[in-house]
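Asks: With the sequence up front, the predicted model follows.
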Amino acid sequence: MSDHDALRSTWFQRFILPGFAFKAVVIGGGYSTGRELAEFFIPSAPWGGLAGMILAMLIWSAVCMTTFLFARTTRSLDYRQFFQHLLGPFAILFELSYFPYIVIVLAVFGAASAGLGTVLFGWPPLAGTLCLVAGIVLFTTFGNASVERLFKWVSIFLYGTYFAFLVLAAISFGSRIAPSFATPTFADGWAFRGVTYAGYNIIGAVVVLPVVRHMRSDSDAIKAGLLAGPLAMLPAMAFFICMCAFYPQIGDSALPSQFMLQEMHRPAFAVVFQLMIFAALLESGTGSVHAVNERIAFAYHRIRSKPLPNTARLGGAAIILVTSIFLAQRFGIITLIARGYRGLSYAMLLIYVIPLMTYGVWWLWRRKSHPGSAPLVRSEVR
């Protein structure tokens, strides 16, 4: 980790960029289309769904804060280094879980982008998927600076679009929202759904570890981590409130966003919203693939003592995408989200969240209380 990078960093890079990056990995195809929200929170009823989302947001903030602190202290800027310090010889368990995570997530993104190409331009499904692949390869080829610029500008576009969506929803069918919240009903399992949703998305905190290089102090890590949860969840909460105008039937919609856009009867904004979804898919896919490239880049630098060439980054991204994203041609988005993500959620809780929030917190506390104590040594970081 370069101290020079931290000294040159701006307040945006230190405090806001980590939350934007985390949101970029979290939002993906299910969040941005509303499908994940329908899957996890609509069954809990409007108030129960909001409670579950708040719980997930608090978990995200707590885990992001601890992750950034642990990464900064151990000087870990990719998931390989991070888990070598946290799990030692068992670090391989994360990589064994991360590969199926990428396969499922990129397959979901492929399914969503294929549908967007068809809806917007009448393209065959493969064309939308190929556009997403090309975009991810382009941004990951040029490393951290390119990826961080993508996170910044897509985030601005995304927050603006969600704000416009909220305003137009209030104008178009706002009278239907309040009645759905009239009864403070909390369906059984709202907390479990909130924890489950937080669990499989929390992997984003590890995926975005390259942004930790901008942090100058532990205070920066704490503030950035606490902000990450709200920055990632507030657009989803606004979208969920709009969805509740059509509770409970919207829970069966494959693309709740498309359902509500049709109810607005504003075709021009519908195009803007669909483009925002594609941009969200692009930044999420880019974040996931970039994490693998950074893991490879660290190993390459240790062996060759020079940076990973851009051609190697391009090749790595292409291989990952070719071997995973075209699963979307075989499985639908609802099946992928409902079946694949839950297992990954449990794996992340066992491999990442529980060790971090127990051993990791204890080690950070011990180091703070005993500054002269021995450094963390779990196994040699390779």
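Replies: Happy to help now that I have it. Numbers count the residues shown, from 1 in each chain.
Asks: For the rest of this, base every contact and every neighbour count on C-alpha atoms.
Replies: Fine.
Asks: can you give me the helices for the stretch 101-250 of the chain?
Replies: Assigned by DSSP state H, counting those that start in this stretch, the stretch 101-250 of the chain shows helices spanning 125-141, 143-173, 177-180, 190-201, 204-207, 218-243.
Asks: Looking at the ones you listed, spot the one closest to Pro267.
Replies: In terms of CA to CA, the element of the helices of the stretch 101-250 of the chain nearest to Pro267 is helix 143-173, at 12.1 Å.
Asks: rewinding a little: packed most tightly, which of the helices of the stretch 101-250 of the chain would that be?
Replies: Greatest average neighbour count among these goes to helix 204-207 (a mean of 24), per mean count of other CA atoms under 10 Å.
Asks: Which strands and helices lie in contact with that helix?
Replies: Judged by 3 or more CA pairs under 8 Å, 6 or more residues apart in numbering; DSSP states H and E, the packing partners of helix 204-207 are helix 17-33, helix 45-74, helix 79-87, helix 267-304.
Asks: Next secondary structure after the first one?
Replies: Sequence order places helix 35-40 as the next helix or strand after helix 17-33, per DSSP states H and E.
Asks: Determine how far that following helix lies from the middle of the whole chain.
Replies: 15 Å (CA atoms, centre = their mean, to the nearest Å).
Asks: average pLDDT across it?
Replies: Across helix 35-40, the average pLDDT comes to 89.
Asks: Stretch 203-210 too?
Replies: Mean per-residue pLDDT for stretch 203-210: 93.
Asks: Can you list the neighbours in contact with that stretch?
Replies: 18, 21-23, 25-26, 63-64, 67-68, 71, 76-79, 82, 144, 287-288, 291, 294, 348 (CA atoms under 8 Å, 6 or more residues apart in numbering).
Asks: Would you check how far apart Leu231 and Ala134 are?
Replies: According to CA to CA, to the nearest Å, Leu231 and Ala134 sit 27 Å apart.
Asks: Sorry, slip of the keys, the one I care about is Phe82.
Replies: Taking CA to CA, one finds Phe82 at 29 Å from Ala134.
Asks: likewise Thr140?
Replies: With CA to CA as the criterion, Thr140 and Ala134 are 10 Å apart.
Asks: where does Ala114 land on pLDDT?
Replies: Value for Ala114, per-residue pLDDT: 81.
Asks: For it, give me its contacts.
Replies: Pro124, Pro125, Leu126, Ala127, Gly128, Thr129.
Asks: would you list the residues you listed in TSV and tack on distance to Lys368 and pLDDT?
Replies: Shown next, in TSV, are the contacts of Ala114 (distance: CA to CA, whole Å; pLDDT from 0 to 100):
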residue	distance to Lys368	pLDDT
Pro124	57	88
Pro125	54	80
Leu126	53	82
Ala127	53	89
Gly128	50	88
Thr129	48	85
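Asks: Nearest to Ser44, out of the helices of the stretch 101-250 of the chain?
Replies: Of all these, it is helix 190-201 that lies closest to Ser44, at 5.3 Å by CA to CA.
Asks: mind saving the C-alpha coords of that closest one as PDB?
Replies: This file holds the C-alpha atoms of helix 190-201, laid out as PDB (Å, rounded to 0.1, in the frame of the first residue of the first chain):
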ATOM      1  CA  TRP A 190     -38.300 -10.100   7.800                       C
ATOM      2  CA  ALA A 191     -35.100 -10.000   9.900                       C
ATOM      3  CA  PHE A 192     -33.900 -13.300   8.400                       C
ATOM      4  CA  ARG A 193     -34.500 -12.000   4.900                       C
ATOM      5  CA  GLY A 194     -32.600  -8.800   5.800                       C
ATOM      6  CA  VAL A 195     -29.600 -10.800   7.100                       C
ATOM      7  CA  THR A 196     -29.600 -13.100   4.100                       C
ATOM      8  CA  TYR A 197     -29.700 -10.200   1.600                       C
ATOM      9  CA  ALA A 198     -26.900  -8.400   3.500                       C
ATOM     10  CA  GLY A 199     -24.900 -11.700   3.500                       C
ATOM     11  CA  TYR A 200     -24.600 -12.300  -0.200                       C
ATOM     12  CA  ASN A 201     -24.100  -8.700  -1.100                       C
END
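Asks: which strands and helices sit next to it?
Replies: Using 3+ CA pairs under 8 Å, 6+ apart, helix 190-201 sits against helix 35-40, helix 45-74, helix 341-348.
Asks: can you do 6 Å?
Replies: Here helix 190-201 touches helix 45-74, helix 341-348, going by 3 or more CA pairs under 6 Å, 6 or more residues apart in numbering; DSSP states H and E.
Asks: hey, least reliable of the ones you listed by pLDDT?
Replies: With a mean of 76, helix 341-348 has the lowest mean pLDDT of the helices and strands packed on helix 190-201.
Asks: Right, I'll leave it there.
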